[in-house]
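> sequence plus the predicted model coming up.
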Amino acid sequence: MSRFFPQDRRGRGIIPYEEDSSDSDETSEPVGNNEMVPSSAATYLQQDGLVGRVAGMSLSSQMPARSLEHVNNNDWPRRLLHIGNMESIPQSKDDRGIHYGGLRKPTYNILSYTWGRYEDAKGEAIEVTGPGGSRLEWDIPRVSKKKAFGAEEFSAVLRRVAGDHSFVWVDVACINQTPGAPDFAAEIGNQAAIFNRAQKAYVWLHQTRQEDIESSLELMKSILAEALERRVGVNSHNTRRGDDKLLERLLQDPWFSSLWTLQEAYLQKDAVILSKEGETVHFGLSSPSEPLTVRSIGTICTQLHPWIWQTTRTLIDNAGLRQLQSHNPLVLLSVSARRTTKRPSDRVYGIMQVFGLRLGNSATGVDPKQEFSLPELENQLSLQITCAFPTLSQLFLHRNKPATGRAWRHNVGAVTRDRSFRRFGSMVPGIDMTLHVPEEFRNAVQISRACEIRPSDSGPWFTGNLWGLVHLRDRWVRDEGQPIQGSTAIYPDNPKTPDMNTFTRSLFLDHFAGIKASGVAPAEFSSWSRPVLVADSVEAKYPGKLSILILGQIQDQVSDEQARAWAGLLARRRGSKYERVGFCTWQGEPVCTERVVDCELA
């Protein structure tokens, strides 16, 4: 089950602080305000139902499982489209509550589609008026009929979406499209509530015909049946390559490449798929009459993934269809770079509502015309997530070196441009700075927190307990009864291979110059994720300089009750700060060796 962000964590300002003047490199001096029993931290832990103690004492917490999933607030849409007369009806309030043109809290359906890349001043737009036929406050965007769809076609789909209900929520008719309009920013920050309240959601693949979807789905079933029967990949059969292009035709629909639709898909995983003709496609996993949904497409693509050609696998990965099946929306950030947006800032605005956040100019009390850069929005997103859900928020890896002092931060689609290398007539691929969530933690939820992380102007400040990496390594070896030796297995997924990262025992290092995995362990060990061997190598190269900041406990949402683990942030002391270099998980209560209060993370 899911729990949500506390109300006081949504859209709040950043707490100011007095900057520490110390900025020296590694030192043996205490970091932060080290105390054995800090009163401020003790008060916090008691108030939050947590108990944090120093070495040799219990460190436990009691709280229900919490995920990073979207909030379920009480906000209603500012407008709904009455499908009968195509009027955009604003929300009104009186002594009896919310109503739309006199209808109180009506049932409505919702449509997810993509149109921004097809906007054309000479194109067509549906005719929508205000209440009673009055002029609408904004112009409905015009779309190229040749490249996308016409007004008549769009109107027919909206009637199909409405079904037996009078109201539909669709962005162009329910969000003021005027640049800088206050309502626009506010509704962008209310997408989770709008999608959650909808009776039913639909996805319109307006570039893919009914027959092509049906052919693709039949091929999916055929490939999967053969693969499961023969236990071989389709890429080993050249005769399949031509048919495989049918799958690519479906996955190349623009809906699968927009960042905004990625958020909408996560908010409504049971959204029903409509073809270009506006018809439902029947492809039930449990019964033939069951309609095709976002969830069922994700399920079948996840099952197909090992058995299909690399080009098709890439399309599935770029669309994030496997990630949509997860309970941890951090994985959506890991695929956001592959989705398209109009503006760089949309990389946060277009995904923030899966975390229930209002950021930038969508936050309460902020001027909707104020512009925020992508780094500013990334910082807001990361601070909100890290402070509200410290245990889950740091279970990711950097693909490349992050900015100095920003290793704790979540990068969202920062991909540098490809560069030409004229001397050899080749291109150097751009650097993907997007975070990566290891497969083991796709369905992780937070069941406890053993620390406090609060926001500041420069970043997060940590209050909690530390544990030396060497002590965790010793526990792992002791639990095994003897030192774990390297395996001669050829493949890392061989079930007989010892010392592999798992949900309950792992050590992941970020891939950047501070501590490179390839620099502290043989390449096969770092790339195959062997926690004990990597811990040995790290300790040998940086003796006593790495600590584990204890975050709390996590649980795998799709496994049994035994899949629980403690999670910690692996960090290196750098002057007055702790610099993140990775994270780790383990079973069994940690034995804390030190406590810090208000120590800055970098």
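Good, I have the coordinates.
> going by C-alpha atoms from here, please, whenever you check contacts or count neighbours.
Noted.
> hang on, isn't Gly360 packed against Phe372?
Yes: judged on Cα atoms under 8 Å, Gly360 makes contact with Phe372 at a distance of 6.1 Å.
> neighbour count for those two, which is higher?
Gly360 (26 against 14; other Cα atoms under 10 Å).
> quick check: phi and psi on the more buried one?
phi 60, psi -130 (degrees, to the nearest 10).
> list the residues that contact it.
Counting by Cα atoms under 8 Å, 6 or more residues apart in numbering, Gly360 touches Val366, Glu371, Phe372, Leu377, Gln380.
> next: Val157.
Glu277, Gly278.
> sec struct for it, please.
helix (DSSP: H, G, I helix; E, B strand; the rest coil).
> ok, back up a step: show the buried residues in the contacts of Gly360.
Val366, Leu377, Gln380 (16 or more other Cα atoms under 10 Å).
> any idea which of those is the one closest to Phe256?
Comparing the buried ones among the contacts of Gly360 against Phe256 with Cα to Cα places Leu377 closest, at 24.0 Å.
> check for me that Ser537 belongs to a helix.
Yes: counting by three-state DSSP, Ser537 is part of a helix.
> packing partners of the lengthiest helix in the chain?
Criterion DSSP state H: the longest helix present in the chain is helix 210-230. On a contact count with 3 or more Cα pairs under 8 Å, 6 or more residues apart in numbering; DSSP states H and E, helix 210-230 meets helix 241-251, helix 294-304.
> distance to Ser393 and mean pLDDT for those helices - can I get that in a markdown table?
Compiled in a markdown table, the helices and strands packed on helix 210-230 are given as follows (distance: least, Cα to Cα, whole Å; pLDDT from 0 to 100):
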| stretch | distance to Ser393 | mean pLDDT |
| --- | --- | --- |
| helix 241-251 | 30 | 72 |
| helix 294-304 | 24 | 89 |
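> any chance of CSV for these, columns distance to Ala181 and mean neighbour count?
CSV is the format used below for these (distance: least, Cα to Cα, whole Å; neighbours: other Cα atoms under 10 Å):
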stretch, distance to Ala181, mean neighbour count
helix 241-251, 34, 17
helix 294-304, 32, 19
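> in the stretch 101-250 of the chain, which spans are strands?
103-104, 108-112, 119-124, 143, 167-169, 200-204 (DSSP state E, counting those that start in this stretch).
> can you list contacts of the last one?
Spelled out, that is strand 200-204. 108-113, 161, 195, 255, 268, 270-276, 278.
> run a quick neighbour tally on Gly97.
By other Cα under 10 Å, neighbour count at Gly97 equals 9.
> likewise Ser258?
Counted with other Cα under 10 Å, Ser258 comes out at 23.
> and it, its phi and psi?
Residue torsions, per degrees, to the nearest 10, at Ser258 are phi -90, psi 140.
> ok, the closest residue to Gly278 other than its chain neighbours to Glu279 distance?
Taking Cα to Cα, 6 or more residues apart in numbering, and ignoring the residues beside it in sequence, Gly278 has Val157 as its nearest neighbour in space, at 5.3 Å. Note on Val157: its distance to Glu279, by Cα to Cα, to the nearest Å, is 9 Å.
> Arg580 too?
Applying Cα to Cα to Arg580 and Glu279 gives a distance of 50 Å.
> again, but for Met86
Taking Cα to Cα, one finds Met86 at 21 Å from Glu279.
> quick one, which of these two is more surrounded?
Met86 (22 against 15).
> so who does the more buried one touch?
Glu127, Val128, Thr129.
> select from the residues you listed every entry located in helices.
Those of the contacts of Met86 lying in helices (DSSP H): none at all.
> which residues in the stretch 301-450 of the chain form helices?
In the stretch 301-450 of the chain, the helices defined using DSSP state H, counting those that start in this stretch lie at 310-319, 330-335, 346-349, 374-388, 390-393.
> which of the ones you listed sits closest to Glu594?
Comparing the helices of the stretch 301-450 of the chain by Cα to Cα, helix 390-393 comes nearest, at 18.7 Å.
> and that closest one, how far from the chain's centre?
13 Å (Cα atoms, centre = their mean, to the nearest Å).
> hmm, who's touching it?
For helix 390-393, the external contacting residues (Cα under 8 Å, 6+ apart) are 67-68, 330, 385-386, 444-446, 448-449, 451-453, 551-554, 567-568.
> among those, name the buried ones.
By 16+ other Cα under 10 Å, the contacts of helix 390-393 give 67-68, 330, 385-386, 444-446, 448-449, 451-453, 551-554, 567-568 as buried.
> tell me if Val591 really is in a strand.
No: Val591 sits outside any strand when classified using three-state DSSP, being coil.
> any stretches of the stretch 51-200 of the chain with poor pLDDT?
Applying pLDDT under 70 to the stretch 51-200 of the chain flags residues 51-74.
> tell me the contacts of the closest residue to Arg159 other than its chain neighbours?
Using Cα to Cα, 6+ apart and skipping residues adjacent in sequence, the residue nearest Arg159 is Ile83, 6.6 Å away. With contacts defined as Cα under 8 Å, 6+ apart, the neighbours of Ile83 are Leu158, Arg159, Ala162, Ser166, Phe167, Val168.
> and for Thr311, the neighbour number?
Around Thr311 there are 12 residues (other Cα under 10 Å).
> so how far is Ala227 from it?
18 Å.
> what's the answer for Val161, then?
On the measure of Cα to Cα, Val161 and Ala227 end up 36 Å apart.
> which of the two has more neighbours?
Legend: neighbour count by other Cα under 10 Å for Val161 and Ala227, higher for Val161 (27 against 17).
> gap between the more buried one and Trp309?
For Val161, the distance to Trp309 - Cα to Cα - is 35 Å.
> with Val281 instead?
Following Cα to Cα, the distance that separates Val281 from Trp309 is 25 Å.
> can you list the strands that the helix or strand hosting Asp598 pairs with?
Asp598 belongs to strand 594-601 when assigned by DSSP states H and E. Sheet pairing for strand 594-601, assigned by DSSP bridges, gives strand 460-468 (antiparallel), strand 577-586 (parallel).
> and these: which comes nearest Lys545?
Closest among these, using Cα to Cα: strand 460-468, at 8.6 Å.
> quick one: mean pLDDT for the helix or strand following the closest one?
Sequence-wise, the next helix or strand downstream of strand 460-468 (DSSP H and E) is helix 469-480. Here helix 469-480 scores 88 as its mean pLDDT.
> and helix 469-480, what does it pack onto?
Using 3+ Cα pairs under 8 Å, 6+ apart as the test, helix 469-480 ends up in contact with helix 531-541, strand 546-556.
> closest one to Thr340 among the ones you listed?
That would be strand 546-556 among the helices and strands packed on helix 469-480, by Cα to Cα, at 30.8 Å.
> now tell me what touches that closest one from outside.
Residues contacting strand 546-556 (Cα under 8 Å, 6+ apart): 65, 390-392, 441, 443-451, 464-469, 503, 539, 561, 563-573, 583.
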